[in-house]
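>>> sequence first, predicted model second:
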Amino acid sequence: MRFRRGKGEQPQLEHVRRLARELAERREGAYAEAQAELASLKAVLRERAAAIAERERELSTTNETPTDLGRAQELMRRAEAELKLAEAERARLEEREQRIRAVEKELAALRVELTQGRRPRAAASAQERELEAREAALAARERALAGERFVVPSAPSFAEGLAALARSRNR
């Protein structure tokens with residue numbers, strides 16, 4: 001579906017606003033999903049930090065006898081491995097937070113453009129592509145109802161959504 005235009009008229013403002021609202025709803029859904037994953041990663045980090053602290057307490061209470069020394073070395077190796085894993089997860093968490101902040105900034109810019117009554121710059125071409133994709137999906141469904149094989153399109157993942165967002169910003 002294309003924007004409906006009269007002779008020399010701009011696209012219908014309501015149609016553009018509806019498309020922008022749909023885009024914002026999808027992005028907010030992706031944002032909520034990312035926030036839930038972020039909360040779970042933070043919980044895992046807290047658990048690992050507690051495990052490291054417990055192992056450090058065990059190390060500080062061990063005696064310096066040869067059997068305890070081997071045990072202490074093993075505990076130290078495990079604590080170091082946990083620490084490395086926690087650092088890697090923290091780096092992943094920080095990267096994810098940066099991506100979330102970028103999406104938040106884009107949503108804020110879109111809201112400002114919509115409240116000012118302007119057509120969103122990057123969203124327009126992405127919306128047109130999405131409308132074309134929906135038309136193609138509708139045509140596929142109609143063929144399936146006519147006796148052809150029905151193909152269910154897969155939902156895009158969060159990473160695919162971010163990639164599409166990045167592509168639309170680069171244009």
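Done, it's in.
>>> pLDDT wise, what is Tyr31 at?
Looking at Tyr31, its pLDDT is 90.
>>> now do the contacts for it.
Neighbour list for Tyr31: Ile100, Val103, Glu104, Leu107 [criterion: C-beta atoms under 8 Å, 6 or more residues apart in numbering]. C-beta here means a position set from N, CA and C on the backbone, and glycine is covered the same way.
>>> report the buried residues of stretch 127-143.
Gln127, Glu130, Ala140 (16 or more other C-beta atoms under 10 Å).
>>> quick one: contacts for the second one?
In this case it means Glu130. Contacts of Glu130 (C-beta under 8 Å, 6+ apart): Leu23.
>>> I'd like the next helix or strand past the strand or helix carrying it.
Using DSSP states H and E, Glu130 maps to helix 121-145. Next along the chain after helix 121-145, taking DSSP H and E as the criterion, comes helix 158-170.
>>> report the rounded mean pLDDT for that following helix.
79.
>>> flag every buried residue along it.
Applying 16+ other C-beta under 10 Å to helix 158-170 flags Gly161, Leu162, Leu165, Ser168 as buried.
>>> tell me, how many residues neighbour Arg27?
Around Arg27 sit 19 other residues, with neighbours defined as other C-beta atoms under 10 Å.
>>> how near is it to Glu128?
The gap separating Arg27 from Glu128 is 17 Å, by C-beta to C-beta, to the nearest Å.
>>> return the helix or strand in this structure with minimum mean pLDDT.
Counting by mean pLDDT, DSSP states H and E, the chain has its least confident helix or strand at helix 121-145, which shows a mean of 71.
>>> contacts only, for Leu85.
Arg48.
>>> give me the phi and psi for it.
phi -60, psi -40 (degrees, to the nearest 10).
>>> so what's it scoring on pLDDT?
For Leu85, pLDDT reads 86.
>>> ok, Ala30 touching Phe158?
Yes: using C-beta atoms under 8 Å, Ala30 is in contact with Phe158, at 5.4 Å.
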